[in-house]
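Enquirer: take a look and give me a structure for this.
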Amino acid sequence: MSVGDMSASNDLQEALKPFHQRASEAEERLAKLEAALATKTVADTGSNESSNKVAELQKLLEDAESKRLAEREKALKDLQRVSEENAKLHYRITHLVRALEKSQ
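Expert: Predicted coordinates for the structure are as follows:
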């Protein structure tokens, strides 16, 4: 190689240096983006699993709430029935006490 060829080669290398640097930076950014995308895909899978679990828990909560309301309604009806029965028994006791007092 002659001195002129070497000088031209050095000039070409110097001219291409910024392009090589930008290409390296672009490759680094691309690698970071690919890693972030892979992480996001894994996170999305986890997010879907979490969403499914949340939906399942919400369904269980709704079922438990409806069961609680049904049990509450039943308890209120039982309370009302027992209160009515108690009032009837109280009335009978009152009349039995009066009848007992009259007989003595």
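
Enquirer: roughly how far apart are residue 34 and residue 99?
Expert: 96 Å (C-beta to C-beta, to the nearest Å). C-beta coordinates here come from the backbone N, C-alpha and C atoms, glycine included.

Enquirer: what residues are up against residue 78?
Expert: Residues counted as contacts of residue 78 (C-beta atoms under 8 Å, 6 or more residues apart in numbering): none.

Enquirer: pLDDT value on it, please?
Expert: You'll see residue 78 listed with a pLDDT of 93.

Enquirer: I'd like the distance between it and residue 67.
Expert: Counting by C-beta to C-beta - residue 78 and residue 67 are separated by 16 Å.

Enquirer: now do the same contact list for the most centrally placed residue in the chain.
Expert: Averaging the C-alpha coordinates of the chain gives a centre point, and the residue nearest to it by C-alpha atoms, centre = their mean is residue 54 (3.7 Å). By C-beta under 8 Å, 6+ apart, no residues touch residue 54.

Enquirer: that one is in what secondary structure piece?
Expert: Residue 54 belongs to helix 3-103 when elements are defined using DSSP states H and E.

Enquirer: just for the protein, where's the confidence low?
Expert: 1-6, 8, 41-46 (pLDDT under 70).

Enquirer: mind doing that once more with 90?
Expert: For the chain, the stretches with pLDDT under 90 are 1-20, 24, 31-53, 104.

Enquirer: so what's the residue count around residue 95?
Expert: Residues contacting residue 95 under the criterion other C-beta atoms under 10 Å number 10.

Enquirer: what do you get for residue 55?
Expert: Count around residue 55 with other C-beta under 10 Å applied: 10.

Enquirer: and what of residue 101?
Expert: The burial count for residue 101: 8, using other C-beta under 10 Å.
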